[in-house]
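1. Would you be able to build a 3D model of this:
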Amino acid sequence: MDNSELQQVYNVYSDTTSLAKINNVICVFMRRGILSAGYNAANELLTIHFNGYKNNRPAWDTTFFEQVITNDALLSAAKNTRFKILSLTEKTMVIPNALYENGQAEQWMETIHYKDIKDDILTTHLEEEKLHILQIVPREITQLIKINYGPDEVLPLMYYQCRRNDYNEQLLRCCITNEQVVMTLHLNKMLLWHRICDYSNAADIAFEILDVCRQQQLDHTKLIFESNCTTAAERTVMSNLGNFFKLEPPSVVHKSNASANSSKWIYPISLFQEIRLCVS
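-> Next up is the predicted model:
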């Protein structure tokens, strides 16, 4: 691994032989990185892997993604493993069913976000939520996913934030990666706002949230604020958000025999718990 690449691994159990029992994998392709989690046949989390690289290289370096899929045992075990694939791109748009028209929606997307000739527009329909989510993903990445993991749908990361919304109040869901933040705001179970953007610190994220609360005339102190992050490295940013908002505790079931560094990974574990409940 060269010095521009980043790698973090969390194993739930110190006994690494449990990794041979992986039956299901959830994988998130994101700008400059792949985040993946492995589960056994009972859907018990066994491991989380993050492979990424610094911003001195292109955002979607296909060579890097190919190498990780080949060299990371969690990602290369496609033969006997079921995979669910998600992606994170800032080129995303949400359209209510009432406004969605196949074909025209894609044209509308291209008037808002730049689409290269080598990009694909992927559409996900959330039937219960009466929404369509469109995302622009580099074709080399979508082809790489198809070759290695089959023709299954590539879901947007914000998919989990739009599902399982049981609150009748102001619900803010936030996911922090090493470069970006994904946010959705629901009011009375209806999606009111979503935002995917870069950030430098917790104050940048807080500004976006406080600004939309001001525009919508919402009291930010009454937000139900659910927040997760993709690796242990973003935990400081997560903690600093507590200076601006009252954060809900992560939705994680603790295990007495989990490895000693599980507390550092509590938010990534929570993230994958939320995703798994939506995609399984």
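
2. what bits of the stretch 1-150 of the chain have low per-residue confidence?
-> Under the criterion of pLDDT under 70, the regions of the stretch 1-150 of the chain flagged as low confidence span 1-3, 16-17, 78-79.

3. Let me see the ranges of the strands in it.
-> Under the criterion DSSP state E, counting those that start in this stretch, the stretch 1-150 of the chain contains strands at 5-11, 24-30, 33-39, 45-53, 82-87, 92-96, 119-126, 131-138.

4. Looking at those strands, spot the one closest to Gln217.
-> Shortest distance between Gln217 and the strands of the stretch 1-150 of the chain, using Cβ to Cβ, is found for strand 92-96: 21.3 Å. C-beta: built from backbone N, CA, C; applies to glycine.

5. list the contacts for Asp119?
-> By Cβ atoms under 8 Å, 6 or more residues apart in numbering, the contact list for Asp119 reads 136-139.

6. filter the residues you listed to the buried ones?
-> The neighbour-count test (16 or more other Cβ atoms under 10 Å) marks 136-138 as buried among the contacts of Asp119.

7. Can I get those residues in JSON lines including distance to Ala202?
-> Written out in JSON lines, the entries for those read as follows (distance: Cβ to Cβ, whole Å):
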{"residue": "Ile136", "distance to Ala202": "28"}
{"residue": "Val137", "distance to Ala202": "28"}
{"residue": "Pro138", "distance to Ala202": "30"}
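
8. re earlier: from the contacts of Asp119, which is closest to Met238?
-> When the contacts of Asp119 are compared for distance to Met238 (Cβ to Cβ), Val137 wins out at 26.5 Å.

9. List the contacts of the closest one.
-> Contacts for Val137 were tallied using Cβ under 8 Å, 6+ apart; they are 29, 87, 89, 119-120, 122, 154.

10. From Ser18, how far out is Ala42?
-> In this structure, Ala42 and Ser18 are separated by 12 Å, where distance is defined by Cβ to Cβ, to the nearest Å.

11. neighbour-wise, which of these two wins?
-> Neighbour totals were compared for Ala42 and Ser18, and Ser18 leads with 16 against 8 (other Cβ atoms under 10 Å).

12. What separation do you get for that one and Val12?
-> Going from Ser18 to Val12 by Cβ to Cβ gives 8 Å.

13. Next, show the common contact partners of those two.
-> Between them, Ser18 and Val12 share these contacting residues under Cβ under 8 Å, 6+ apart: Leu46.

14. which helices and strands does the strand or helix carrying Leu172 pack with?
-> In this structure, Leu172 is located in strand 170-176 according to DSSP states H and E. Under the contact definition 3 or more Cβ pairs under 8 Å, 6 or more residues apart in numbering; DSSP states H and E, strand 170-176 sits against strand 180-187, helix 202-215, strand 224-229, helix 235-241.

15. Restricting to C-alpha, output the last one in PDB.
-> Taking only C-alpha atoms (Å, rounded to 0.1, in the frame of the first residue of the first chain), the coordinates of helix 235-241 have been written out as PDB:
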ATOM      1  CA  ARG A 235     -15.600  10.200  15.400                       C
ATOM      2  CA  THR A 236     -14.100  13.500  16.400                       C
ATOM      3  CA  VAL A 237     -16.300  15.300  13.900                       C
ATOM      4  CA  MET A 238     -19.200  13.400  15.200                       C
ATOM      5  CA  SER A 239     -18.500  14.300  18.800                       C
ATOM      6  CA  ASN A 240     -18.000  18.000  17.800                       C
ATOM      7  CA  LEU A 241     -21.500  18.100  16.300                       C
END
